[in-house]
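A.B. asks: 3D, please:
(2 chains)
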Amino acid sequence: MKKIINDPAAVVPEMVDGLVRAYPQILEQIPDTTAVVRADKASMVGKVAVISGGGSGHEPTHAGFVGKGMLSAAVCGQVFTSPTPDQIYEAIKASDQGRGVFMVVKNYSGDVMNFDMAKDMAEMDDIQVASIVVDDDIAVENSLYTQGRRGVAGTLFMHKILGHAAQNGASLDDLSKLAAAVLPHINTVAVALSAATVPEAGKPGFTLAEDEIEYGVGIHSEPGYRREKLRPSKALVAELLEKLDDSLHLDSDKQYAVLVNGMGATPLMEQYIFSHDLFDALAVKNITPAFTKVGNLMTSIDMAGISLTIFELADPEWLAALQAPVETIAW
Amino acid sequence: MLTPEIARLWLENFATLIDTNKAHLSDLDTPIGDADHGNNMARGMQALTEALAAKPDLDLAGVFKTSAMALISKVGGASGPLYGTAFLEMAKAAKNSADLPTLLDAALAGVIKRGGAQVGDKTMVDAWTPLVKAVHDGTLSQAVIDEAVATTEPLVAKKGRAAYLGERGIGHRDPGAESTGYLFAALLQTEGAL
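C.D. replies: Residues are numbered from 1 along each chain as shown, chains lettered A, B, ... in the order given. Below you'll find the predicted structure:
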C-alpha cells in the first residue's frame, strides 16, 4: 500500500479537518463529529434540510455536495463503513430548521440500519425525518428476497433534484413524493480495471489480472457480474449501455441526463474518451443527452474504472433542477 | 444468574477474542464483503472496554446499555447497529431478569428485527439462533459453536453485502457469524456465566 496518509486509523478525521479548513466559506464541521454542515446558514433558514452521508472513500461525495441548492449536511463515516447513528443525529439537529429533515441513503444494509436508528433518535426529539433509499445499480438483481440493488453514483442526481426543490421551499412531504418519482428513472452500471485499497486493510479488495476487467462492480469493490479481458473504450460503452437500455428502454422521444463517473484512479482523459464513445453510441439511437456530467464525483478510493448513470428526465422540471446553479465544492 | 461482574468478564473475554482475531475477521470479510469487520469490531470493543472501565458501579442493565452505546457510536457499518441492538435489548430485558438465556432471547429478537434476516440468509442470525438454543439447553461447547458458524459456509447470502455475490459466496464463512461465535466462546471462558 502506497498512500499519502499518517495513520490508517486517522484517515477520516484528518481528511474532514483538511476539507473544512480548505473551504471555510462552504463547510463547517459539526463539533465532536466527522459530519459537516453548510457554512451559509442564511441559505437554510425556513427550508427543509436534505442530508446524506455514508462511508468515506467516495470523495468528493458526500461533503462536496453540501452547499446552497444541494445538501444541508453530510456525515462522513469510517472508510467504506456507514456513519454511526449518533453522528447522523447530530447532522439532523445541525441542519433542521423546524420543517424537517430529508435523508438520502444508499442501499447498503449498514447505511439503512444506522440512518434508521438516527431517525428513531430524532423522532424522540420531535424532529420530523423522512428518507429515500437509493438503489440505482442495475448490476445487481433486485428481489424481495435479497438485499436489493446497491446505491451508487446515480445518488448524486437525487441529491441535486431534492436539494433544488428544498431550496425552493418544498415541504418534507413534497420531497418524499419527488424522491419516489425520481428513483426508478436513475440507473447506473460500472466497470472496474482494478480494486480499491482500504487504508486499514492495506491491500486491494479483489485482484484483477493486468489485462482483466470486471463489469458491475459496486463502489466498495464489491464484485460485479462478469470478468473478461480488457477491451477498447467503445466496447465498454456498448456493454454498459446495453445493460442500461435493457432496464430503461431508451427512447429518442425522451430526454436524458448522463453521468460518466470516474472511480478514483482513472484519468479524466480516459473518462472523456469514454464520453466520446458514449455520445457516438447514443447518437446511433438518436439520443443527445440534455444534461451531462463527467468527472470523479462518486469515487471508490483508488479503484480504476468508470460508472455510467443514465437518468430519464420524465418531468421537464428535473432538467431545470439539474441545471440550476449551486454553491458546493464539487457539483 | 448473571451478575454485573460476570457480564463484565464476559465482555472483556469477547473483546480479547475480537482483538486477537481481528485480521482473521477482516480476511473472512474480504472475499464476500468489504474487508473491515475485524477492524470495525476491534475499534468498537476497545471503546466498549474503555466505557465500562470509566463506570465501575453499573448494574446489569447499565453494563449492557453502556456496551450498546459504545458499539452503536463507534462501529458503524452493519455490525454496529446489530451488536448495538443486541446489547440494548439485553439491557432492557436485564431490568426484569438476570437469566442469561432470557437476555440472549431478547438479543436475538433485536438482531432479527434490526437486520431483517432469517435463518439461512448467511448472516450472524445463523450462528445466534442455534447458539442461544444451546445456552437454553445447557449444551454450549466449542464444538457446537464451530458447527453453528460453519453452517454459513455452503449458504447463498440473502442479506448484507455478501448478497451481491450470489452463488459466488458459497464456500465462504460469514464474518458476522464468526464474530458471534466469539461472543459465545467468551461465555465458555467466563466462569459462572453459564
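A.B. asks: for the rest of this, base every contact and every neighbour count on C-alpha atoms.
C.D. replies: Will do.
A.B. asks: the lowest-mean-pLDDT helix or strand in chain B vs chain A: in contact?
C.D. replies: Taking mean pLDDT, DSSP states H and E as the measure, helix B:22-32 is the helix or strand of chain B with the lowest mean score, a mean of 91. Yes. Applying C-alpha under 8 Å from any C-alpha of the partner chain, one finds helix B:22-32 in contact with chain A at B:26, B:30-32.
A.B. asks: of the residues you listed - the most surrounded one?
C.D. replies: In terms of neighbours by other C-alpha atoms under 10 Å in any protein chain shown, these top out with B:Ile32 at 26 neighbours.
A.B. asks: quick one: the closest residue to that one other than its chain neighbours from A:Ala73, how far?
C.D. replies: Excluding the flanking residues, the one nearest B:Ile32 by C-alpha to C-alpha, 6 or more residues apart in numbering or on different chains is B:Ala162, at 4.8 Å. For B:Ala162, the distance to A:Ala73 equals 30 Å [C-alpha to C-alpha, to the nearest Å].
A.B. asks: more neighbours: which of those two?
C.D. replies: For B:Ala162 versus A:Ala73, neighbours defined as other C-alpha under 10 Å are more numerous around A:Ala73 (34 against 28).
A.B. asks: now the more buried one. Its backbone dihedrals?
C.D. replies: phi -150, psi 160 (degrees, to the nearest 10).
A.B. asks: also A:Leu259?
C.D. replies: The phi/psi pair for A:Leu259 (degrees, to the nearest 10) reads phi -130, psi 120.
A.B. asks: picking that back up, next SSE downstream of the least confident helix or strand of chain B?
C.D. replies: Sequence-wise, the next helix or strand downstream of helix B:22-32 (DSSP states H and E) is helix B:37-53.
A.B. asks: please spell out which residues along that next one are buried.
C.D. replies: Neighbour-count burial for helix B:37-53, counted by 16 or more other C-alpha atoms under 10 Å in any protein chain shown, picks out B:37-49, B:51-52.
A.B. asks: list the contacts of residue 160.
C.D. replies: Just going to use chain A. A:69-71, A:321-322 (C-alpha atoms under 8 Å, 6 or more residues apart in numbering or on different chains).
A.B. asks: if you could check chain B rather than the one you did, that'd help
C.D. replies: A:108-110, A:147, B:78, B:123.
A.B. asks: near the residue in chain B positioned nearest to chain A, how many other residues are there?
C.D. replies: Nearest to chain A, among the residues of chain B, is B:Ala78, at 3.7 Å (C-alpha to the nearest C-alpha). Neighbour count for B:Ala78, taken as other C-alpha under 10 Å: 28.
A.B. asks: do I have it right that it meets A:Met113?
C.D. replies: Yes. Between B:Ala78 and A:Met113 there is a contact at 6.9 Å, judged by C-alpha atoms under 8 Å.
A.B. asks: can you report how many residues lie near B:Arg173?
C.D. replies: With other C-alpha under 10 Å as criterion, B:Arg173 counts 23.
A.B. asks: so what pLDDT did the nearest residue to it once chain neighbours are set aside get?
C.D. replies: What sits nearest to B:Arg173 in space, not counting adjacent residues and going by C-alpha to C-alpha, 6+ apart, is B:Glu153, at 4.4 Å. Looking at B:Glu153, its pLDDT reads 95.
A.B. asks: ok, A:Pro8 to chain B distance?
C.D. replies: 11 Å (C-alpha to the nearest C-alpha, to the nearest Å).
A.B. asks: show me where pLDDT drops low in chain B?
C.D. replies: Along chain B, the model assigns pLDDT under 70 to no residue.
A.B. asks: flag every residue of the stretch 51-200 of chain A that's near chain B.
C.D. replies: Near chain B, when you scan the stretch 51-200 of chain A using C-alpha under 8 Å from any C-alpha, you find A:77-78, A:80-87, A:108-111, A:113-114, A:117, A:140, A:145-147, A:200.
A.B. asks: swap the cut-off to 6 Å and go again
C.D. replies: Residues of the stretch 51-200 of chain A lying near chain B by C-alpha under 6 Å from any C-alpha of the partner chain: A:81-84, A:86, A:109-110, A:146-147.
A.B. asks: can you tell me which two in those residues are farthest apart?
C.D. replies: A:Asp86 and A:Thr146 (27.7 Å; C-alpha to C-alpha).
A.B. asks: measure B:Arg114 to B:Lys159 for me?
C.D. replies: Distance from B:Arg114 to B:Lys159, by C-alpha to C-alpha: 12 Å.
A.B. asks: typo on my end, it should be A:Asn296
C.D. replies: Counting by C-alpha to C-alpha - A:Asn296 and B:Lys159 are separated by 30 Å.
A.B. asks: ditto for A:Gly18
C.D. replies: Taking C-alpha to C-alpha, one finds A:Gly18 at 36 Å from B:Lys159.
A.B. asks: so which of those two has more stuff around it?
C.D. replies: Just comparing A:Gly18 and B:Lys159: by other C-alpha under 10 Å the higher neighbour count belongs to B:Lys159, 22 against 11.
A.B. asks: which residue does chain A have closest to chain B?
C.D. replies: Going by C-alpha to the nearest C-alpha, chain B is nearest to A:Gly110 of chain A, at 3.7 Å.
A.B. asks: wait, that residue sits on B:Ala78?
C.D. replies: Yes. With contact defined as C-alpha atoms under 6 Å, A:Gly110 reaches B:Ala78; the gap is 3.7 Å.
A.B. asks: ok but A:Glu228 is inside a strand, no?
C.D. replies: Yes. Under the criterion used here (DSSP: H, G, I helix; E, B strand; the rest coil), A:Glu228 sits inside a strand.
A.B. asks: bridged to it, which residues?
C.D. replies: Judged by DSSP bridges, the bridge partners of A:Glu228 are A:Ile213.
A.B. asks: since we're on A:Ile5, how many residues are nearby?
C.D. replies: Neighbours of A:Ile5 (other C-alpha under 10 Å): 12.
A.B. asks: what's the pLDDT at it?
C.D. replies: 97.
A.B. asks: what strand or helix carries it?
C.D. replies: Counting by DSSP H and E, no helix or strand carries A:Ile5.
A.B. asks: list phi and psi for it.
C.D. replies: phi -140, psi 170.
A.B. asks: for it, which non-adjacent residue is closest in space?
C.D. replies: Nearest one to A:Ile5, counting by C-alpha to C-alpha, 6+ apart, is A:Val11 at 6.8 Å.
A.B. asks: and stretch A:73-89, how far out from the chain's middle?
C.D. replies: 14 Å (C-alpha atoms, centre = their mean, to the nearest Å).
A.B. asks: now do stretch A:125-140
C.D. replies: 12 Å.
A.B. asks: what's the end-to-end length of it?
C.D. replies: First-to-last residue span, stretch A:125-140, C-alpha to C-alpha: 37 Å.
A.B. asks: now do stretch A:45-60
C.D. replies: First-to-last residue span, stretch A:45-60, C-alpha to C-alpha: 25 Å.
A.B. asks: residues of that stretch that come out buried?
C.D. replies: Neighbour counts over stretch A:45-60 (16+ other C-alpha under 10 Å) mark A:47-60 as buried.
A.B. asks: ok, stretch A:69-87 next?
C.D. replies: Buried-residue list, stretch A:69-87, by 16+ other C-alpha under 10 Å: A:69-87.
A.B. asks: please save the CA atoms from the host helix or strand of B:Ile18 in CSV.
C.D. replies: Using DSSP H and E, B:Ile18 falls within helix B:4-20. Coordinates of each C-alpha in helix B:4-20 appear next as CSV, following Å, rounded to 0.1, in the frame of the first residue of the first chain:
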residue,chain,number,x,y,z
PRO,B,4,-22.6,-7.2,36.6
GLU,B,5,-19.2,-8.6,37.4
ILE,B,6,-19.7,-11.8,35.4
ALA,B,7,-21.1,-9.8,32.5
ARG,B,8,-18.1,-7.5,32.5
LEU,B,9,-15.8,-10.6,32.4
TRP,B,10,-17.8,-12.0,29.5
LEU,B,11,-17.4,-8.7,27.6
GLU,B,12,-13.7,-8.5,28.4
ASN,B,13,-13.2,-12.0,27.1
PHE,B,14,-15.2,-11.1,24.0
ALA,B,15,-13.0,-8.0,23.4
THR,B,16,-9.9,-10.1,23.7
LEU,B,17,-11.1,-12.7,21.2
ILE,B,18,-12.1,-9.9,18.8
ASP,B,19,-8.8,-8.1,19.1
THR,B,20,-6.7,-11.4,18.8
